[in-house]
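>>> Sequence plus the predicted model coming up.
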Amino acid sequence: MIIGSYPNSRPRRNRQSAWTRNLVRENSLSVNDLIWPLFVQEGENQSSDISSMPNVKRWTIDLIVEQAAKAKELGIPAIAIFPQTPADKKTEDGYEGVNPDNLVCRTVRAIKSQVPDIGVICDVALDPYTSHGQDGLIRDGYIDNDLTIEALVNQSLMQAQAGCDILAPSDMMDGRIVSIRDMLETKKMPNVGIMAYSAKYASAFYGPFRDAVGSTNNLKGGKETYQMDPANTDEAMREVSMDIAEGADSIIVKPGMPYLDIIERVTTEFKFPTYAYQVSGEYAMIHAAAGNGWLDLEKTMMESLLAFKRAGASGIWTYFAPDVAKILNR
């Protein structure tokens, strides 16, 4: 590294005006970096607020198609679908997750029929469908890894057949990526992508999301036996390495901002498409602080997303996506 000395070197010269700052800017944020998570609910021509996530709603299928069209118009390349499953369809075995006519599959078909050019990502996990709120199937009081994988493969098949472009397994079961990839190859669907939640931590930042999908009151116990310990970094490298070897096309680090070091290390070591998920708790904190007048919402929102790019992320899952896209499109 070349280090100058004062007064010959004055770093402020490159910061003295907007155009000089633009010339030397090392990282930038674009609409192409954004993935917009959306919540779908049953019904028609209805939406409902999520109290812990200001300005985020659950939409019925007809209205979520409109949101998909809005995303396309704003230049957002992809949306991700998460369901609020009715309580009477939640069971111990999460069977609704493998129903080809479940809420997610019907939503994907509707979007693809009316907004065919938008990328659609589907969450692969059982927690929206289980009465106990866990991402896997329970046997003898423990989340059974291999039994869960069988259900996840069937769920992935239903979503792929409905028209999903990218499957995003968020369950953190060992070996689920290779099992899903083998199924896609066997079923002659090699172009369906897998964006793996490879480094998903057992975080306290997921609370508002669980409110959104209606699993807060269902959840019995924690998820520490399959989601990662927040204290670990080397373990994340092993998880990412395994998922890449098993056929993932890209990976996700979740949560985002508390794990910038993980994003940086993954992108440095693997040089592989890596996405940050700015989770519900991060979103809610920024909104809460801005709502109290402690932070400028727009500036903080934009700075938080730029931090992910600076850490090396290829893109960002964020509930701020439509607001950010409008700013970037000005």
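All right, it came through fine. Worth saying up front: this structure is predicted, and the values here are computed from it rather than measured. Numbers count the residues shown, from 1 in each chain.
>>> Can you mark which positions in stretch 308-322 are buried?
308-309, 311-322 (16 or more other Cβ atoms under 10 Å). Using the backbone N, CA and C atoms, a C-beta is placed for each residue, glycine as well.
>>> Would you mind checking which of the residues you listed is nearest to Gly136?
Nearest to Gly136, judged by Cβ to Cβ, of these is Trp317 at 22.0 Å.
>>> Double-check the closest one against Gln278; I have them as touching.
Yes: here Trp317 reaches Gln278: they are 6.5 Å apart, a contact under Cβ atoms under 8 Å.
>>> where do the contact lists of the two overlap?
Gly256 (Cβ atoms under 8 Å, 6 or more residues apart in numbering).
>>> remind me, longest helix of the chain?
For the chain, the helix reaching the highest residue count under DSSP state H is reported as helix 145-162.
>>> CA atoms only for that one - export them in PDB, please.
Once non-C-alpha atoms are left out, helix 145-162 reads as follows in PDB (Å, rounded to 0.1, in the frame of the first residue of the first chain):
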ATOM      1  CA  ASN A 145     -32.600 -34.300   9.400                       C
ATOM      2  CA  ASP A 146     -33.100 -37.000   6.700                       C
ATOM      3  CA  LEU A 147     -36.800 -37.200   7.200                       C
ATOM      4  CA  THR A 148     -37.100 -33.500   6.800                       C
ATOM      5  CA  ILE A 149     -35.100 -33.600   3.600                       C
ATOM      6  CA  GLU A 150     -37.600 -35.900   2.000                       C
ATOM      7  CA  ALA A 151     -40.300 -33.300   2.600                       C
ATOM      8  CA  LEU A 152     -38.100 -30.500   1.400                       C
ATOM      9  CA  VAL A 153     -37.400 -32.300  -1.900                       C
ATOM     10  CA  ASN A 154     -41.200 -32.800  -2.400                       C
ATOM     11  CA  GLN A 155     -41.800 -29.100  -1.500                       C
ATOM     12  CA  SER A 156     -39.100 -28.000  -4.000                       C
ATOM     13  CA  LEU A 157     -40.700 -30.100  -6.800                       C
ATOM     14  CA  MET A 158     -44.100 -28.600  -6.200                       C
ATOM     15  CA  GLN A 159     -42.600 -25.100  -6.300                       C
ATOM     16  CA  ALA A 160     -40.500 -25.800  -9.400                       C
ATOM     17  CA  GLN A 161     -43.500 -27.200 -11.300                       C
ATOM     18  CA  ALA A 162     -45.500 -24.100 -10.400                       C
END
